[in-house]
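>>> Sequence first, then the predicted structure:
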Amino acid sequence: DAGVIQSPRHEVTEMGQEVTLRCKPISGHNSLFWYRQTMMRGLELLIYFNNNVPIDDSGMPEDRFSAKMPNASFSTLKIQPSEPRDSAVYFCASSPRQGEGYTFGSGTRLTVV
Amino acid sequence: AQSVTQPDIHITVSEGASLELRCNYSYGATPYLFWYVQSPGQGLQLLLKYFSGDTLVQGIKGFEAEFKRSQSSFNLRKPSVHWSDAAEYFCAVVANDYKLSFGAGTTVTVRA
């Protein structure tokens, strides 16, 4: 079991550019989550998918953020256009079913300059 | 809505000493409770979880936690800390939905 795989590990981009973060959940896990971690706000849930369907995107900060899950083994989080305040660590997590313990990826550290 | 409070922002403990991290939750029923650990630059690793049953839960790395309904608490303990236990610890709760809500975290420093 390779765990939840995120790419890239680090991303530095200029303000206004499009950024795409990628996640491969654990095989067989039906739930997928995107979290953002900052010093000021801690860990925030951005969006939750169940069986590839977005269930709750109320945590997505703005229309600049979008997430997709085209199949059970892949999800993307896109920011367009990016802004310096988007700088954070973005985590993907998956879970075999609702309410179970979540397995987190190693995160993507995004820096927007 | 459920919430999680970790009263201690930072704890310093000597290597070999015992450690207890506090966690209080706010929710009407018994939620699912978790403790995660995050080492610098790393993701979050699940230490242990409580769903039901025995209120004393054993986890990895020698950690345990005790659920106390009367105090709405789920404190994490370790009898003897190692330098490698220096990290940030997060208590988390899933209530009647799927959202994992985290406390603000407690940073543990281990001194030699």
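Sure, I can see it. Numbering: from 1, shown residues only, chains lettered A, B, ... in the order given.
>>> is residue 67 in a bridge, and if so with what?
All of this is about chain A. Per DSSP bridges, the residues bridged to A:Ala67 are A:Leu77.
>>> Switch to chain B, please.
Counting by DSSP bridges, B:Phe67 forms beta bridges with B:Phe74.
>>> Contact partners for it?
By CB atoms under 8 Å, 6 or more residues apart in numbering or on different chains, the residues touching B:Phe67 are B:Thr30, B:Leu33, B:Tyr50, B:Thr55, B:Leu56, B:Val57, B:Ser73, B:Phe74. The C-beta positions use only the backbone N, C-alpha and C, and glycine is treated the same way.
>>> Give me the distance between the closest residue to the fifth one other than its chain neighbours and B:Glu20.
With CB to CB, 6 or more residues apart in numbering or on different chains as the measure, B:Glu66 is the residue that lies nearest to B:Leu56, at 5.1 Å, once sequence neighbours are left out. Taking CB to CB, to the nearest Å as the measure, B:Glu66 falls 10 Å from B:Glu20.
>>> can you list contacts of the helix-or-strand element of chain B with minimal mean pLDDT?
Least confident helix or strand, chain B: strand B:101-102 with a mean of 90, by mean pLDDT, DSSP states H and E. Under the criterion CB under 8 Å, 6+ apart, residues A:42-43, A:45, B:2-4, B:36, B:90-95 lie in contact with strand B:101-102.
>>> Contact residues of chain A facing chain B?
A:31, A:33, A:42-43, A:45, A:48, A:50, A:55-56, A:91, A:93, A:98-107 (CB under 8 Å from any CB of the partner chain).
>>> from those, which would you call buried?
When those are checked for burial by 16 or more other CB atoms under 10 Å in any protein chain shown, the buried set is A:31, A:33, A:43, A:45, A:48, A:50, A:56, A:91, A:93, A:99-107.
>>> Looking at the residues you listed, which are in helices?
Judged by DSSP state H, the subset of these located in helices is empty.
>>> and B:Phe34, what are its bridge partners?
Counting by DSSP bridges, the residues bridging with B:Phe34 are B:Lys49, B:Ala92.
>>> Return the residues in contact with it.
By CB under 8 Å, 6+ apart, the contact list for B:Phe34 reads A:Gly101, B:Leu46, B:Leu47, B:Leu48, B:Lys49, B:Tyr50, B:Cys91, B:Ala92, B:Val93, B:Val94, B:Leu100.
>>> quick one: the most centrally placed residue in chain A from chain B, how far?
The centroid of chain A falls nearest to A:Trp34 when counting by CA atoms, centre = their mean (3.3 Å). Using CB to the nearest CB, to the nearest Å, A:Trp34 is found at 12 Å from chain B.
>>> I figured that residue hits A:Pro25, correct?
No: counting by CB atoms under 8 Å, A:Trp34 does not reach A:Pro25; the two are 11.0 Å apart.
>>> Name the residues contacting each of these two.
A:Ser75, A:Cys92.
>>> ok, back up a step: adjacent strands (with direction) for the least confident helix or strand of chain B?
In the sheet, strand B:101-102 lines up with strand B:87-94 (antiparallel) (DSSP bridges).
>>> Low-confidence regions, chain A specifically.
Scanning chain A for pLDDT under 70 picks out A:1, A:98-99.
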